[in-house]
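A.B. asks: next input, structure requested:
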Amino acid sequence: MVKPFSFHVLYSKRQPTSFPIFFNRNCLAIGIICVLLGYFGNLYGSYKCFQTVFWDENREETQSSVIEVLGETERHKAMAFVGIYTGFSSVGRREALRKTWMPSDQDGLKRLEETTGLAFRFVIGRSSNSSKKAALGKEIQKYDDFLLLDIEDNYNNLCLKTIIFFKEAFRLYDCSFYVKMDDDIYLRPDRLSLLLGKKRSNPRNYIGCMKNGYVVKDPNHKWYEPNFHLLASEYYLYAFGSIYALSSDIISRLVLVKNDRFRMFRGNEDAMIGSWMLAMDVDHEHENELCRTQCTTSSISIWGTAMCSGLCHPEQQLIQLHKMDICSNSSTMHDL
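C.D. replies: Residues are numbered from 1 along each chain as shown. All right, here's what the predicted structure looks like:
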């Protein structure tokens with residue numbers, strides 16, 4: 001049985017995955033080739049401009065397939081599981097988060113989940129560096145707020161880390177939503193809970209700050225995309241990687257897809273997720289309050305800047321923001 005608020009070491013033996021994506025000069029079309037063989041029913045929809053490819057809607061078959069893959073694992077229930085992506089060099093960021101909106105003790109994490117329905121864990125891979133492993137081990141023993149993945153934690157493995165994270169989070173937690181966020185943003189958990197708790201007609205929801213970014217073709221650039229030859233000058237619509245949410249209906253389908261059937265990008269995991277969402281009948285829900293540059297009475301997360309992908313100096317700015325009443329003042333925060 002998976003107990004809430006305990007540390008779980010996750011060792012995934014699955015390998016990188018990929019979706020085939022096809023482009024031409026006049027239109028963008030996403031084709032799924034044999035993605036669901038052995039797992040789902042029929043795939044329907046045709047390959048032509050701007051037509052959505054739908055999964056066959058057979059809920060009972062999908063659920064039984066999920067159970068077959070997951071086995072009899074009892075999953076901890078919450079409204080949403082929030083994985084905070086972090087790295088071995090981000091000790092200061094984690095400490096700053098624990099001093100602000102994220103409780104630093106298990107009782108506090110439990111109260112936060114009971115109040116908001118959100119379960120939070122730092123998500124990190126492994127390292128072959130013995131000193132890094134030892135330091136992380138001490139931090140785990142002290143705070144017990146990590147979810148470990150069996151993957152070398154580096155930027156080039158970010159896309160693989162993402163698919164492993166979603167699959168393992170789904171295996172351990174039974175939630176309506178699964179959220180990926182970075183460790184350099186200021187969050188209001190109470191408002192995120194209200195956003196995710198809204199009633200929606202489509203069970204497949206992709207929520208975030210949507211954009212159409214330029215495809216980087218310069219190999220010296222941080223966000224260089226080696227698969228640029230498959231893309232036009234701009235990406236399709238997708239959510240910024242700082243924070244976005246996928247509904248359980250989406251994740252349950254990703255869990256069942258064979259591991260060699262995903263199109264893997266290099267380090268642009270947000271664009272990669274966006275490409276997969278084009279192949280599903282999902283609602284792209286843009287939410288401005290997830291990417292504010294300053295705190296307001298309705299802001300959910302603070303990070304959006306032109307110069308930095310998150311807060312430019314998160315260790316200092318997280319503390320500064322939390323001292324401002326407009327950022328931290330709420331009954332939810334007071335209860336923690």
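A.B. asks: rest of the way, CA atoms for contacts and neighbours
C.D. replies: OK.
A.B. asks: what about the strands in this structure?
C.D. replies: Assigned strands in the chain, in chain order: 8-10, 22-23, 28-29, 76-77, 80-85, 118-126, 146-152, 173-174, 177-182, 186-187, 205-211, 238-247, 283-286, 301-302 (criterion: DSSP state E).
A.B. asks: Lys217 is nearest to which of those?
C.D. replies: strand 22-23 (16.6 Å; Cα to Cα).
A.B. asks: where are the low-confidence patches of the stretch 151-300 of the chain?
C.D. replies: In the predicted model of the stretch 151-300 of the chain, residues 218, 226-227, 229-230, 258-262, 265-267 satisfy pLDDT under 70.
A.B. asks: how about a cut-off of 80?
C.D. replies: 213-235, 257-267 (pLDDT under 80).
A.B. asks: give me whichever of the strands of the chain is most buried.
C.D. replies: Stretch with highest mean neighbour count among the strands of the chain: strand 186-187 (a mean of 28; mean count of other Cα atoms under 10 Å).
A.B. asks: residues making contact with that strand?
C.D. replies: Strand 186-187 has contacts (Cα atoms under 8 Å, 6 or more residues apart in numbering) with 97, 101, 300-303, 318, 321.
A.B. asks: rerun at 7 Å
C.D. replies: With contact meaning Cα atoms under 7 Å, 6 or more residues apart in numbering, strand 186-187 is reached by 101, 300-303, 318.
A.B. asks: before we move on, what about stretch 108-121?
C.D. replies: Contacts of stretch 108-121 (Cα under 7 Å, 6+ apart): 5, 78-84, 103, 145-147, 189-190, 193, 336.
A.B. asks: tell me how far that stretch lies from the chain's centre.
C.D. replies: 18 Å (Cα atoms, centre = their mean, to the nearest Å).
A.B. asks: same question, stretch 134-149
C.D. replies: 20 Å.
A.B. asks: show me which residues of that stretch are buried.
C.D. replies: Within stretch 134-149, the residues that count as buried by 16 or more other Cα atoms under 10 Å are 136, 144-149.
A.B. asks: can you check stretch 83-102 too?
C.D. replies: 83-87, 93-94, 96-98, 100-102.
A.B. asks: right, and the strands of the chain - which one's nearest Pro314?
C.D. replies: Going by Cα to Cα, the one of the strands of the chain nearest Pro314 is strand 186-187, 8.6 Å.
A.B. asks: how about the helices of the stretch 101-250 of the chain, start to end?
C.D. replies: Assigned by DSSP state H, counting those that start in this stretch, the stretch 101-250 of the chain shows helices spanning 106-116, 130-143, 158-172, 189-196, 248-256.
A.B. asks: which of the ones you listed sits most buried?
C.D. replies: The most buried one of those (mean count of other Cα under 10 Å) is helix 158-172, showing a mean of 22.
A.B. asks: which one of the strands of the chain lies closest to Met264?
C.D. replies: Across these, closest to Met264 is strand 22-23 (Cα to Cα), at 13.8 Å.
A.B. asks: what average pLDDT does the closest one get?
C.D. replies: Here strand 22-23 scores 34 as its mean pLDDT.
A.B. asks: same thing with stretch 308-327?
C.D. replies: Stretch 308-327 comes out at a mean pLDDT of 94.
A.B. asks: can you give me how far that stretch is from the chain middle?
C.D. replies: The mean C-alpha position of stretch 308-327 is separated from the chain mean by 21 Å, Cα atoms, centre = their mean.
A.B. asks: quick one: Glu287 from Gly208, how far?
C.D. replies: 6 Å (Cα to Cα, to the nearest Å).
A.B. asks: swap in Asp150?
C.D. replies: Distance from Asp150 to Gly208, by Cα to Cα: 27 Å.
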